[in-house]
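K.L.:
Prediction below, plus the sequence it came from.
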Amino acid sequence: MQSRVSAKGQIVIPALLRRKLGIKKGTKIRISEEGGKIILEPVNDRLLRSLRGILKGTGALEEMMAERALDRDREDAEFPPRIR
């Protein structure tokens, strides 16, 4: 199967593949590059399940929580609560 890129950088995903992969109007598509190839993956339950646990043991959750705490501190300093 082939598709062409429009002047706006858009492509058409053939109907056969859209049906096979459950891609409907409004479906989000994850775009990545691997070994010089463009990879398009529909963001659906199957993809989300495959990513489950991928960051386990990396400390990513703790890092994110620390970043959020810093953001809250910055916002509190920037916008102190009003006294009524």
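P.N.:
Cool, got the structure. Numbers count the residues shown, from 1 in each chain.
K.L.:
what about the spatially most central residue of the chain, which SS state?
P.N.:
The chain has Arg30 as the residue nearest its centroid, 6.1 Å off, counting by C-alpha atoms, centre = their mean. For Arg30, the secondary structure call by DSSP: H, G, I helix; E, B strand; the rest coil comes out as strand.
K.L.:
How about it, nearest residue that isn't a chain neighbour?
P.N.:
Here the nearest residue to Arg30 in space, its sequence neighbours aside, is Glu41; by C-beta to C-beta, 6 or more residues apart in numbering that works out to 4.5 Å. Any C-beta I mention is one placed from the backbone N, CA and C, and that applies to glycine too.
K.L.:
what helix or strand is the one you found on?
P.N.:
Counting by DSSP states H and E, the element that carries Glu41 is strand 37-42.
K.L.:
Tell me the strands beside that strand, with direction?
P.N.:
The sheet places strand 37-42 alongside strand 29-34 (antiparallel), with pairing taken from DSSP bridges.
K.L.:
For the strand it pairs with, which outside residues touch it?
P.N.:
Under the contact criterion C-beta atoms under 8 Å, 6 or more residues apart in numbering, strand 29-34 has outside partners Ile23, Ile38, Ile39, Leu40, Glu41, Pro42, Val43, Leu47.
K.L.:
Which pLDDT value goes with the last one?
P.N.:
Confidence at Leu47, expressed as pLDDT, is 63.
K.L.:
Over to stretch 41-56 now: how far is its first residue from its last?
P.N.:
22 Å (C-alpha to C-alpha, to the nearest Å).
K.L.:
And the strand holding Glu41, what's buried?
P.N.:
Neighbour-count burial for strand 37-42 flags Pro42 (criterion: 16 or more other C-beta atoms under 10 Å).
K.L.:
please begin residue numbering at 19 from this point
P.N.:
Fine by me, first position is 19 from now on; the one you just mentioned is strand 55-60.
K.L.:
what about Cys48, distance to Ile57?
P.N.:
Quick fix: residue 48 is Arg, not Cys. When distance is defined by C-beta to C-beta, to the nearest Å, Arg48 is 8 Å away from Ile57.
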